[in-house]
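S.K.: structure for this input, please:
(one chain, ligands or ions: 1)
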Amino acid sequence: MWVGIISLFPEIFGPFLKFGVIGRGRHSGLIKIDFWNPRDFSDDPKGAVDDKPYGGGPGMVMKAQPIFSAIEAAKEERGSDLHVVYLSPQGSPLNQNVLKGFLEKRNILLVCGRYEGIDERLIEHAVDEQISIGDYVLSGGETAAMVVIDGVSRFVPGLLGGETSAHDDSFSDGLLEYPQYTRPVTWAGHSVPDILLSGDHQKIADWRKTESIDRTSKRRPDLLKSRTLTEKERKVLNKNIEMSNE
Ligand code: ADE
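M.R.: Modelled structure (predicted):
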């Protein structure tokens with residue numbers, strides 16, 4: 001997986017790219033990350049990368065030209081079919097499926113905005129997809145880009161300890177993940193559910209599935225609307241609905 005980043009502040013990514021799954025991935029060559037800074041591409045005599053908005057209003061807007069030239073430089077190095085993603089609160093919501101789509105593209109270029117955003121013409125002419133990480137406004141796209149890189153890395157084959165871990169994660173089958181426990185068996189007077197100590201793999205798998213549906217129906221009922229449930233899953237759900245009506 002290759003991820004290019006266009007950012008005025010590449011230093012923000014420093015420690016984030018050194019540790020954990022991403023650090024290991026970069027070390028082993030499974031993930032490669034490169035940066036382009038629009039400041040290096042400005043054709044303005046003073047090197048400006050932003051300017052006042054036409055029509056007035058507060059703040060500054062990022063100029064189209066330095067970002068466009070940075071995208072062109074990235075394409076020259078990595079090929080013209082790079083998938084260009086602009087992180088913006090106006091984008092489509094990020095989820096596990098979008099991340100899997102990025103993995104399939106293999107080469108994505110993340111454009112991070114700052115200030116009041118980017119000149120709309122750049123978005124129209126050079127961006128393939130706009131992605132939002134939630135209904136709130138951040139002061140720049142860099143934190144959103146980190147979220148994308150972290151999420152997509154978990155799908156890179158060979159990167160997580162257990163090959164199947166990413167597929168057990170919350171949302172991977174449209175449900176929240178089941179609860180996890182580790183030693184000791186009893187902590188602060190609370191014990192691990194007996195079934196997890198039983199060694200019966202089928203029963204454990206059934207219990208986990210039940211817990212997943214249970215949590216999803218209580219915490220994120222919206223997720224269940226876009227997923228067809230099996231007979232067994234439906235029974236658990238109906239039981240929860242009955243209990244909440246009591
Ligand atoms: N840039 C600013 N806010 C953002 C958000 N919510 N998602 C993605 N990029 C952003």
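
S.K.: now stretch 190-198: mean pLDDT?
M.R.: If you average the pLDDT over stretch 190-198, you get 98.

S.K.: mind listing residues that contact that stretch?
M.R.: Tyr181, Val185, Thr186, Lys203, Ile204, Trp207 (Cβ atoms under 8 Å, 6 or more residues apart in numbering). C-betas here are computed from N, CA, C, even on glycine.

S.K.: now with 10 Å?
M.R.: Under the contact criterion Cβ atoms under 10 Å, 6 or more residues apart in numbering, stretch 190-198 has outside partners 178-186, 203-204, 206-208, 211.

S.K.: these, buried ones only, as a ChimeraX selection?
M.R.: Buried subset of the contacts of stretch 190-198, written as a ChimeraX selection, criterion 16 or more other Cβ atoms under 10 Å:
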select :178,204,207,208,211
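
S.K.: dump the host helix or strand of Asp222 to CSV, restricted to CA.
M.R.: Per DSSP states H and E, Asp222 falls inside helix 221-225. Output in CSV follows, covering the C-alpha atoms of helix 221-225 (Å, rounded to 0.1, in the frame of the first residue of the first chain):
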residue,chain,number,x,y,z
PRO,A,221,-29.4,0.2,15.8
ASP,A,222,-28.8,2.2,12.6
LEU,A,223,-26.2,-0.4,11.6
LEU,A,224,-28.7,-3.2,11.7
LYS,A,225,-31.0,-1.4,9.3
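
S.K.: just the helices from the protein, written as ranges.
M.R.: Per DSSP state H, the chain carries helices over the ranges 20-28, 64-78, 96-105, 120-126, 142-153, 165-168, 201-219, 221-225, 231-245.

S.K.: and the last one, what does it pack onto?
M.R.: Okay, so that is helix 231-245. helix 201-219, helix 221-225 (3 or more Cβ pairs under 10 Å, 6 or more residues apart in numbering; DSSP states H and E).

S.K.: returning to what we had before: max pairwise distance over the contacts of stretch 190-198: which two?
M.R.: Maximum pairwise distance among the contacts of stretch 190-198 (Cβ to Cβ): 25.0 Å, between Pro184 and Asp206.

S.K.: what about the residue lying closest to Asp40 once chain neighbours are set aside, neighbour count?
M.R.: Leaving aside its sequence neighbours, Asp40 sits nearest to Ala70 (Cβ to Cβ, 6 or more residues apart in numbering; 7.5 Å). Neighbours of Ala70 under the rule other Cβ atoms under 10 Å: 26.

S.K.: pLDDT at Ala70, what is it?
M.R.: pLDDT, Ala70: 98.
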